[in-house]
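> Build me a model from this:
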Amino acid sequence: MKTFFIAICLMAVTFIGYTSLGLSSSAIGHYEILVGEDKLFYFQMKTASGETIARSPGYETRHEVMKGIVRLQENAATNQIIDLAREK
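Numbering: from 1, shown residues only. Here you go, the predicted model:
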């Protein structure tokens with residue numbers, strides 16, 4: 001039940017962010033929390049169509065993986081893109 005509550009809270013935070021940008025709820029992706037074979041927690045960021053667009057490193061606890069998602073949400077809107085790739 002606790003996991004379900006956390007997932008609902010994350011979706012609400014994401015929805016509030018998207019609606020403040022004028023996007024519809026059909027444009028909302030989601031996060032999935034998984035436990036790997038190594039017993040570490042991971043999250044995946046998915047688009048509304050289900051495509052995985054980001055994967056996290058491994059976290060020791062569920063609390064740490066949740067903090068990772070929150071950090072991503074807090075910084076995603078304000079991060080600059082710094083292109084360090086060199087043209088070929």
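> Report the buried residues of the helix or strand hosting residue 64.
When secondary structure is defined by DSSP states H and E, residue 64 falls within helix 62-76. By neighbour count, and taking 16 or more other C-beta atoms under 10 Å as the criterion, the buried residues in helix 62-76 are 65, 66, 68, 69. Yep, even glycine has a C-beta here, placed from its N, CA and C like the rest.
> Tell me where the chain has strands.
30-35, 41-46, 52-55 (DSSP state E).
> got any ranges where this protein has weak pLDDT?
By pLDDT under 70, the low-scoring segments of the chain are 1-27.
> could you dump the strands of the chain to JSON lines with distance to residue 82?
As requested, those are arranged in JSON lines below (distance: least, C-beta to C-beta, whole Å):
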{"stretch": "strand 30-35", "distance to residue 82": "24"}
{"stretch": "strand 41-46", "distance to residue 82": "20"}
{"stretch": "strand 52-55", "distance to residue 82": "17"}
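> Could you identify which of these is most buried?
Each of the strands of the chain was given a mean neighbour count from mean count of other C-beta atoms under 10 Å, and the largest, a mean of 18, is that of strand 41-46.
> Other residues contacting that one?
The contact list for strand 41-46, computed with C-beta atoms under 8 Å, 6 or more residues apart in numbering, reads 29-36, 52-62, 64-65, 68-69, 72.
> what do you get if the cut-off is 7 Å, keeping everything else the same?
The contact list for strand 41-46 (C-beta atoms under 7 Å, 6 or more residues apart in numbering) reads 29-36, 52-56, 58-59, 61-62, 64-65, 68-69.
> what angle do that strand and strand 30-35 make?
Counting by axes from the mean of the first three to the mean of the last three C-alpha atoms, to 10 degrees, strand 41-46 points 150 degrees away from the direction of strand 30-35.
> Any idea what the residue nearest to residue 64 when sequence neighbours are not counted is bridged to?
Taking C-beta to C-beta, 6 or more residues apart in numbering as the measure, residue 64 lies nearest to residue 41, with 7.0 Å between them; neighbours along the chain are not counted. According to DSSP bridges, the partner residues bridging residue 41 are residue 35, residue 59.
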